[in-house]
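*Asks:* my questions concern the predicted model and sequence given below.
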Amino acid sequence: MTFEPLAVELDENGISGFIKRYHFKTSEKKDIVMLYRQLHPRVHASFHHVIEGETVYVVVTLGDAFDSFQDSLLQKGEIQKAFIVDCLGTEMLSLAYEEVDKKIFEKTGLYVGSYVFAGSDKMPLEELAAVMKKLGQKIVKCNESFVLVPKKSVVFSAKLHKKRSRKHSDCENCSAVSCPMRKEPAAKRAVSKDDDKSGKGLIHLYTGEGKGKTTAAIGLAVRAAGAGKKVVFSQFMKGRKTSELVSLELIPGITVVRSEKELGWLKRDDEAQCEMFRVVHNEILDKIAELIQNGECDVLIMDEITYPFNYGVIDKKKLEELIDNKPDDMEIVMTGRNADELLSEKADYITYMEKIRHPYDKGIDARHGIEY
């Protein structure tokens, strides 16, 4: 298996950012530049990846230059310089990730989602051997203590997506606010949720007999995406592709989740058809839950969710748990007529669309581009 080279280097701005991020003194810049210039020609950054379904498994390494250089400094008792070298390796690995994302996109046309690193809850160290076997290479090895050799190497997995999305970072939930890898915007957001009421996500319910429930949800989706939020627009009961989807799919930051199966109008006395609706709707719920878990949802819209809930063609307990266990800062929008009391009780906003007059009462059918 061949490794592909990666271009990782620090220019003047990169060195300045490095000093600030790792809290080095300005007086140490000379040593940092000297060590970087000694290291850089010996660094052989490269990566190898394997794709299985929607998941990519990646191993990245900077080669063994850092190990040997750091060891030689430690043997001389130059502990601070050895520490600088270690930090330089971490910084260059972060640059390598960006190059990996670009190269995988060039090969597949797909965007790399949030990383799942070995040693995290989603990839326990005990699974590392199996992941290394998938990667099927011999350059980077894993010892019995689950340490990768060369040490400046990482293994991770990630989902591949058709649309680019803002990557989730655990920085926002981490208490180590002085960590050098914390990105500055996240550090600024690292305030107590109790102190920042504006950061709390609320629940909206658009219901009633009048026109405009889905339209209002679409408007909120566009507004949220314009503010840089990641929006998941999910549709229930609708198999036919409605016109708004064409527009939503063109907007960066909006992910549409729905079924492409046209199941027709629900006949509640047809148990076989009801079961098909249940399967489809529960699959949509599972996909939503996955996106939330991966940190890819700031605003969740569940269009026409009241119908499958009322008709019993969705796992009510699973839906209720999804709402109750949402991240504190995630917004939820639900639409549909005849909202059940259980859904209403969970809502912070309830907007009731009252029908005063509607063309359908005069025999005018739904019009393309207006109602659907």
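*Replies:* Happy to help now that I have it.
*Asks:* distance check, the nearest residue to Ala225 once chain neighbours are set aside against Gly226.
*Replies:* Distance criterion C-beta to C-beta, 6 or more residues apart in numbering; nearest residue to Ala225, sequence neighbours excluded, is Gly253 at 4.2 Å. Yep, even glycine has a C-beta here, placed from its N, CA and C like the rest. Separation of Gly253 from Gly226 (C-beta to C-beta, to the nearest Å) stands at 8 Å.
*Asks:* more neighbours, those two?
*Replies:* Taking other C-beta atoms under 10 Å, Gly253 and Gly226 do not tie; Gly253 has more neighbours (21 against 12).
*Asks:* give me phi/psi at that one?
*Replies:* As for Gly253, its main-chain torsions (degrees, to the nearest 10) stand at phi 100, psi -10.
*Asks:* tell me how many other residues crowd Gln80.
*Replies:* Close neighbours of Gln80, defined as other C-beta under 10 Å, add up to 11.
*Asks:* now for the host helix or strand of it, which elements pack on it?
*Replies:* Using DSSP states H and E, the element containing Gln80 is helix 79-108. With contacts taken as 3 or more C-beta pairs under 8 Å, 6 or more residues apart in numbering; DSSP states H and E, helix 79-108 sits against helix 12-21, helix 29-39, strand 46-52, strand 55-61, helix 65-75, strand 111-117, strand 153-161.
*Asks:* wait, Phe18 touches Leu88, no?
*Replies:* Yes: at 7.4 Å, Phe18 and Leu88 qualify as touching, with contact defined as C-beta atoms under 8 Å.
*Asks:* name the residues contacting each of the two.
*Replies:* Leu10, Ile32 (C-beta atoms under 8 Å, 6 or more residues apart in numbering).
*Asks:* out of the two, which sits in the more crowded spot?
*Replies:* In this view Phe18 and Leu88 are compared by other C-beta under 10 Å, and Leu88 has more residues nearby, 25 against 21.
*Asks:* okay, the more buried one and Ile32: tell me how far apart.
*Replies:* In terms of C-beta to C-beta, Leu88 sits 8 Å off from Ile32.
*Asks:* between those two, which contacts overlap?
*Replies:* Phe18.
*Asks:* any stretches of the stretch 1-150 of the chain with poor pLDDT?
*Replies:* Low-confidence segments of the stretch 1-150 of the chain (pLDDT under 70): 1.
*Asks:* can we see that at 80?
*Replies:* For the stretch 1-150 of the chain, the stretches flagged by pLDDT under 80 are 1-2, 121.
*Asks:* show me what Phe156 is bridged to.
*Replies:* Val58, Phe117 (DSSP bridges).
*Asks:* was I right about it contacting Ser114?
*Replies:* No: at 9.6 Å, Phe156 does not count as touching Ser114 under the criterion of C-beta under 8 Å.
*Asks:* show me what contacts the residue lying closest to His40 once chain neighbours are set aside?
*Replies:* Leaving aside its sequence neighbours, His40 sits nearest to Glu9 (C-beta to C-beta, 6+ apart; 6.3 Å). Glu9 makes contacts with His40, Met92, Leu95, as judged by C-beta under 8 Å, 6+ apart.
*Asks:* could the residues you listed go into a markdown table alongside distance to Leu319 and neighbour count?
*Replies:* Output for the contacts of Glu9, formatted as a markdown table (distance: C-beta to C-beta, whole Å; neighbours: other C-beta atoms under 10 Å):
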| residue | distance to Leu319 | neighbour count |
| --- | --- | --- |
| His40 | 54 | 14 |
| Met92 | 45 | 23 |
| Leu95 | 42 | 17 |
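*Asks:* possible to save these as JSON lines with distance to Leu160?
*Replies:* Below are those laid out as JSON lines (distance: C-beta to C-beta, whole Å):
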{"residue": "His40", "distance to Leu160": "31"}
{"residue": "Met92", "distance to Leu160": "25"}
{"residue": "Leu95", "distance to Leu160": "21"}
